[in-house]
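S.K.: No sequence on hand, only this structure:
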């Protein structure tokens, strides 16, 4: 739904080409003309691999491909599907393949190929700007190549028209094949020109101080505690820009949780009354660092494949939000896609979801209060069977005899929501920098969308920012290359968990009443009214009710969501706040009013 809203948002009176999103969703391809519909069963007799449809489109920066197969494969591992491109549309140059002159040959499963521009040379995904999705098994894939790609200083795409051919080979020898498209020659594609819909919007800063910012970050083998000045400057730039409230780290193998928190403190110094709480279990490589108290932590163990990959943390979000939160920081086993590795990963995802089910239903070592936010985040290493992703989102546990029954993981009986953010200034979702594998989405934030609303998200890559943006935030272009993973950021509005009661009467004016009792300890009630605004009665008005201390610092956002006309009542729980004078402010549209209250211990 969010993708559809984004597309509608950017539609203008002047027709523009629909933008393709590299995001594991193919709805945006609906208006792209099918380049080729390959008949099912036209592959070599006895072969398993069989091509389906092929789609191609472009904008000024990228060529977009969508390939369908009848057999589920992992796009960049364990297959020998090979793409051939005649990039100058000249059969007399390059390597002759079935009547076309191939300049670029790229085998997806080995993540390498050949260039026949000038002398023959080996190429890798970074040479042609390859980015694809999804990373797990599927039979529908999308990927891009950069139109301005250069090899040895020579432009790859020298013609406005190219030819394309695909083979599904049996082995890395690239001799015997199971299927090919087209059956003769290559497809001719001519680049389109014209306006393209803008990339999705995002905000580097939180758009409201009442939102909760969560970040998932694989810091590549303890790099955050590396004392190299350049490394520390890179991390400092990243953290001082993003300013998260809760951080789930992975690949913290040798460093303690306190050592990691100390570095975060260096980057984001605590104000009076603040600290960075932190926790790591012995033998685990995940760490939680949080502005909120970590009440407890629990190992999520797998049997029979012991691998200490994930930890559950129970946080107390008070006094800013009147709720606990369950956070699972996960780092399932990497990376091969053979049967044994897939089995181990499936066990780990089953164990995570089984733990959450038991916590929600009084069946395990932890029982959580109903309707508290639940977040699962981390480097998920989803590079194998897609059933692991399905388990994470739907609660469909595979090994039921070991980990128990399937369940609906959200409080309203639905699936978890998957934050699928885009890399800033792009329409692509990938969380890894180029390495032995191409950029792909391995790092996730999934959550209970019935009690928390995602209002902003992005994957932070300084490489894609403009010079003005880098200067604005004091960043350097290479800051996020400090790790082989990019930080994933999501801002949440937790007002859905606020227990606000609406009364029957409809008032005739805005109002904010004096809290009662006052003074109070530790709970007080606040009433306010929103009138019928004429013809706009049925349109809810954005409403904020916020508590501040005597210095004007925000203590807690009680409400931040649209409310219809009515009289409302809400309770404020002071938690561990000290005695003193506090203020509460109601803002509804252009109306605002502030009152004073006294906490007396």
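M.R.: Great, that's in hand. The structure presented is a predicted model; accordingly, all values stated were derived computationally and were not measured.
S.K.: CA atoms for contacts and neighbours, from now on please.
M.R.: Fine.
S.K.: Work out for me the element the closest residue to residue 39 other than its chain neighbours sits within.
M.R.: Here the nearest residue to residue 39 in space, its sequence neighbours aside, is residue 52; by CA to CA, 6 or more residues apart in numbering that works out to 6.9 Å. Element membership for residue 52, per DSSP states H and E: strand 51-58.
S.K.: any idea which helix is longest in the chain?
M.R.: helix 339-360 (DSSP state H).
S.K.: Which strands and helices lie in contact with that one?
M.R.: strand 293-300, helix 387-394, helix 400-403 (3 or more CA pairs under 8 Å, 6 or more residues apart in numbering; DSSP states H and E).
S.K.: Quick one: list the elements packing against the following helix or strand past the strand holding residue 52.
M.R.: Per DSSP H and E, the first helix or strand lying C-terminal to strand 51-58 is strand 62-73. For strand 62-73, the elements it packs on are strand 51-58, strand 138-146, judged by 3+ CA pairs under 8 Å, 6+ apart.
S.K.: Turn these into TSV, columns for distance to residue 209 and mean neighbour count.
M.R.: Listed next are the helices and strands packed on strand 62-73 as TSV, based on distance: least, CA to CA, whole Å; neighbours: other CA atoms under 10 Å:
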stretch	distance to residue 209	mean neighbour count
strand 51-58	39	21
strand 138-146	37	21
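S.K.: Relative to residue 173, which of those strands is closest?
M.R.: strand 51-58 (19.5 Å; CA to CA).
S.K.: which secondary element of the chain has the worst mean pLDDT?
M.R.: One helix or strand of the chain scores below all others by mean pLDDT, DSSP states H and E: helix 2-9, with a mean of 37.
S.K.: low-scoring stretches of this protein, by residue?
M.R.: 1-16, 306, 336-338, 496-499, 501, 504, 533-540 (pLDDT under 70).
S.K.: Specify the residue positioned farthest from the middle of it.
M.R.: residue 92 (45.1 Å; CA atoms, centre = their mean).
S.K.: my guess is that one meets residue 99, correct?
M.R.: No. Judged on CA atoms under 8 Å, residue 92 makes no contact with residue 99 at a distance of 9.1 Å.
S.K.: before we move on, the earlier item: quick check: angle from the strand holding residue 52 to strand 138-146?
M.R.: Using axes from the mean of the first three to the mean of the last three CA atoms, to 10 degrees, the direction of strand 51-58 lies 30 degrees away from that of strand 138-146.
S.K.: Look up which helix or strand the nearest residue to residue 597 once chain neighbours are set aside falls in, please.
M.R.: Closest residue to residue 597 apart from its sequence neighbours, by CA to CA, 6+ apart: residue 582 at 5.3 Å. Taking DSSP H and E as the criterion, residue 582 maps to strand 580-588.
S.K.: again, but for residue 313
M.R.: strand 310-316.
S.K.: hang on, residue 355 packs against residue 364?
M.R.: Yes. Counting by CA under 8 Å, residue 364 is a contact partner of residue 355 at 7.1 Å.
S.K.: who has more neighbours, those two?
M.R.: residue 355 (24 against 13; other CA atoms under 10 Å).
S.K.: ok, the residue farthest from the centre of the chain to residue 116 distance?
M.R.: Residue 92 is 12 Å from residue 116, where distance means CA to CA, to the nearest Å.
S.K.: same question, residue 430
M.R.: For residue 430 relative to residue 116 (CA to CA), the value is 29 Å.
S.K.: cool, and residue 276?
M.R.: 54 Å.
S.K.: Can you give the contact residues for stretch 107-120?
M.R.: 74-83, 94-95, 102-106, 121-125, 151, 154, 156, 436-438 (CA atoms under 8 Å, 6 or more residues apart in numbering).
S.K.: Wait, residue 484 touches residue 437, no?
M.R.: No. Counting by CA under 8 Å, no contact exists between residue 484 and residue 437, whose distance comes to 10.6 Å.
S.K.: Just give me the neighbour total for residue 521.
M.R.: The burial count for residue 521: 16, using other CA under 10 Å.
S.K.: Would you mind confirming that it is in contact with residue 580?
M.R.: No. With contact defined as CA under 8 Å, residue 521 does not count as touching residue 580 (11.0 Å).
S.K.: intersection of neighbour lists for the two?
M.R.: 599, 600.
S.K.: Which strand residues bridge residue 168?
M.R.: Beta-bridge partners recorded for residue 168 (DSSP bridges): residue 81, residue 179.
S.K.: For residue 84, see how far away it is.
M.R.: Residue 168 is 11 Å from residue 84, by CA to CA.
S.K.: Show me how far stretch 66-86 is from its chain's centre.
M.R.: 25 Å (CA atoms, centre = their mean, to the nearest Å).
S.K.: And stretch 340-357, by the same measure?
M.R.: The answer for stretch 340-357 is 20 Å, by CA atoms, centre = their mean.
S.K.: quick one: contacts of it?
M.R.: Contact with stretch 340-357 is made by 300-303, 305, 309-310, 328, 332-336, 363-364, 384-385, 387-388, 391-392, 395, 397-399, 403-405, 407, 409, as judged by CA under 8 Å, 6+ apart.
S.K.: So how do I select the buried members of the residues you listed in ChimeraX?
M.R.: Buried residues among the contacts of stretch 340-357 (16 or more other CA atoms under 10 Å), as a ChimeraX selection:
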select :300,301,302,309,310,328,332,333,334,384,385,387,388,391,392,395,397,398,403,404,407,409
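S.K.: Find the helix or strand that residue 430 is a member of.
M.R.: Applying DSSP H and E, one finds residue 430 in no helix or strand.
S.K.: Can you list the residue ranges for helices in this protein?
M.R.: Using DSSP H, helices in the chain cover 2-9, 125-128, 229-242, 257-267, 339-360, 387-394, 400-403, 467-473.
S.K.: if we can go back for a sec, more neighbours, residue 430 and residue 116?
M.R.: residue 430 (29 against 21).
S.K.: Pull the contacting residues for the more buried one.
M.R.: 131, 422, 423, 439, 440, 441, 442, 459.
S.K.: and the residues you listed, which of them are in strands?
M.R.: Cross-referencing those against strands under DSSP state E gives 131, 459.
S.K.: With neighbour count added, can I get the contacts of residue 430 in CSV?
M.R.: Converted to CSV, the contacts of residue 430 look like this (neighbours: other CA atoms under 10 Å):
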residue, neighbour count
131, 23
422, 25
423, 25
439, 23
440, 25
441, 29
442, 22
459, 29
